[in-house]
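Visitor: structure here, sequence nowhere to be found:
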DNA sequence: CTGCACTTTCCATTCAATGGTACGGGCTCG
DNA sequence: CGAGCCCGTACCATTGAATGGAAAGTGCAG
């Protein structure tokens, strides 16, 4: 044998090691990590030790492996959504104060809404949208708000996904949802994620007219006219867009 | 030439590429990245492309490189401080509501306090403690609260750092600060970071009596009796510790 | 239109990465 | 209490994957 019997590069392996942690799991036994990453134990051990030397992983006594603080720090200091989150935070706090609702901020990644920031209020309804959590575009208000404002070609490619059989959702239904969202200027979904909640989201648009994020709130179904919150959200979204442009210049 | 003329492994290089982004910088030109990482352009290019294939980096048109959303997502879903942050969030929100102050949460990493979560209030004084920001132990209340409650051997090793000449701070001064902090049960610093602010922090202790974090607030110097906030912080800190134990079991 | 600076691709060379094997320590089960 | 097992750690001969100089491609500025 020699370099990689399985035909994968070192980079592939490093990625597999770091990506081997299942969602929400912080500690992994070395042997389990090796198995999950599909690597021989000795190779996994060597890689882990090398990464640990750089603080990208932590190799504790007894072979329990965690992600390293250095990696966390680097990613959070230089993440591509850093400017967005900084721009959005004050406005999200305003919304939370004024409306007393869970607030969240999402970007489009693939065909899913990826939630990059969230403020939840104790006592208000549970917010399923975890930070770093994902939800498919067509079953989240944030996803709809994002997709409904994407360029035509992106939407077309996205809708193409639903042509395949086996899916309960058809392209027509999704197209209709997107059309409504675009026409209204906001997305609204009831009971899809959690049967007892509404969710509403509006697009955040930057100076170049690109929809870069979605700002949303979650509220109990009991709320009779959730649309009443839309103007507040739209105002905040405009503020975020403006602030984002400022940050990108300076 | 062959594998690494400079004697560094592939893992070293991958780490250097990811770590090449200066603080707060999200985009880097490929050539600049190569220089910062100390790599030949073609090697940097190959590594970046490989990492980009896995979503750990984004290689945009024109060779501008960003950290990838996948990496951000992985790190935030599996970070070692995830449980801590989840346990702390509700209590931090309570503090923010009740005291109307900036709240922050830090852990000890090396000889620095690393801020892992923060809630800031519009209109209240600026909070210099950025998420993923660091501050030396002896000039942050969070750092003092953390170090003052570490085991003896850790403190001894830490204090050893100040033996070297050239530093304005002596071991004696720091030892005194730590002693006061330990005796009072909270750390308090005025005007060190920002001349117009106080900062106060209390330790967060888990079920095994280990000090795992520091919970702190920042407030204007005008505040006459900042100590009045201590009981509220301590109550919240105890709550966080208890919640953390629960999360670790379940 | 020319020149420059940067990204991207190519490919022969060669040493760093590989993983089977073996050792050691801790835990469980009979 | 001892045997067996599992898991982390260390070693080292083999070899093909990683390397980087060089050249081609690209886009922008003057």
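Guide: Alright, I've got the coordinates. Every value quoted in this text rests on a predicted model; they were computed, and no experiment measured them.

Visitor: doesn't residue B:76 make contact with residue A:23?
Guide: No. Between residue A:23 and residue B:76 there is no contact under C-beta atoms under 8 Å: 10.5 Å. Glycine gets a C-beta too; all of them are placed from N, C-alpha and C.

Visitor: more neighbours: the two, which one.
Guide: For residue A:23 and residue B:76, the more surrounded residue by other C-beta atoms under 10 Å in any protein chain shown is residue B:76, and the numbers stand at 21 against 12.

Visitor: not counting its neighbours along the chain, what's nearest the more buried one?
Guide: residue A:132 (3.7 Å; C-beta to C-beta, 6 or more residues apart in numbering or on different chains).

Visitor: centroid-nearest residue for chain A?
Guide: By C-alpha atoms, centre = their mean, the mean C-alpha position of chain A lies nearest to residue A:114, the distance being 1.6 Å.

Visitor: ok, that one touching residue A:130?
Guide: No. Contact criterion C-beta under 8 Å: residue A:114 and residue A:130 do not qualify, at 10.6 Å.

Visitor: what's the burial count for the residue nearest to residue B:76?
Guide: 21.

Visitor: dump the residue contacts of it.
Guide: Residues near residue A:132 by C-beta atoms under 8 Å, 6 or more residues apart in numbering or on different chains: A:114, A:115, A:116, B:72, B:73, B:76, B:77.

Visitor: what of residue A:154?
Guide: Going by C-beta under 8 Å, 6+ apart, residue A:154 touches residue A:147.

Visitor: where do the strands sit along chain A?
Guide: With strands called from DSSP state E, chain A shows them at A:27-29, A:57-59, A:64-67, A:102-109, A:112-119, A:134-136, A:187-190, A:197-205, A:211-220.

Visitor: can you tell which of these is closest to residue B:37?
Guide: With C-beta to C-beta, the closest approach to residue B:37 among those belongs to strand A:57-59: 19.5 Å.

Visitor: sheet partners, orientation included, of the closest one?
Guide: In the sheet, strand A:57-59 lines up against strand A:64-67 (antiparallel) (DSSP bridges).

Visitor: contacts for the strand it pairs with next, please.
Guide: So strand A:64-67 is contacted by A:18, A:21, A:26-30, A:33, A:48, A:52, A:56-60, B:75, B:78-80 (C-beta under 8 Å, 6+ apart).

Visitor: tell me which residues of that strand come out buried.
Guide: Within strand A:64-67, the residues that qualify as buried are A:65, A:66, A:67, counting by 16 or more other C-beta atoms under 10 Å in any protein chain shown.

Visitor: and that strand with DNA strand C, contact?
Guide: No. Looking at strand A:64-67 against DNA strand C by C-beta under 7 Å from any atom of the strand, there are no contacts, and the closest approach is 13.0 Å.

Visitor: how many other residues sit next to residue A:7?
Guide: Neighbours of residue A:7 under the rule other C-beta under 10 Å: 7.

Visitor: what pLDDT does the model give it?
Guide: Residue A:7 is assigned 74 on the pLDDT scale.

Visitor: restricted to buried residues, select the contacts of strand A:64-67 in PyMOL.
Guide: To isolate the buried ones among the contacts of strand A:64-67 in PyMOL, judged by 16+ other C-beta under 10 Å, type:
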select buried, (chain A and resi 18+21+26+28+30+33+48+52+56+57+58+59) or (chain B and resi 75+78+79+80)
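
Visitor: which of the contacts of strand A:64-67 are close to DNA strand D?
Guide: A:29, A:30, A:59.

Visitor: contact partners for the first one?
Guide: When you say that, I think you mean residue A:29. A:63, A:64, A:65.

Visitor: now, which of those sits nearest DNA strand C?
Guide: residue A:63 (9.8 Å; C-beta to the nearest atom of the strand).

Visitor: isn't the closest one right up against residue A:30?
Guide: Yes. With contact defined as C-beta under 8 Å, residue A:63 counts as touching residue A:30 (3.7 Å).

Visitor: which residue, other than its chain neighbours, is closest to residue A:234?
Guide: residue A:202 (5.2 Å).
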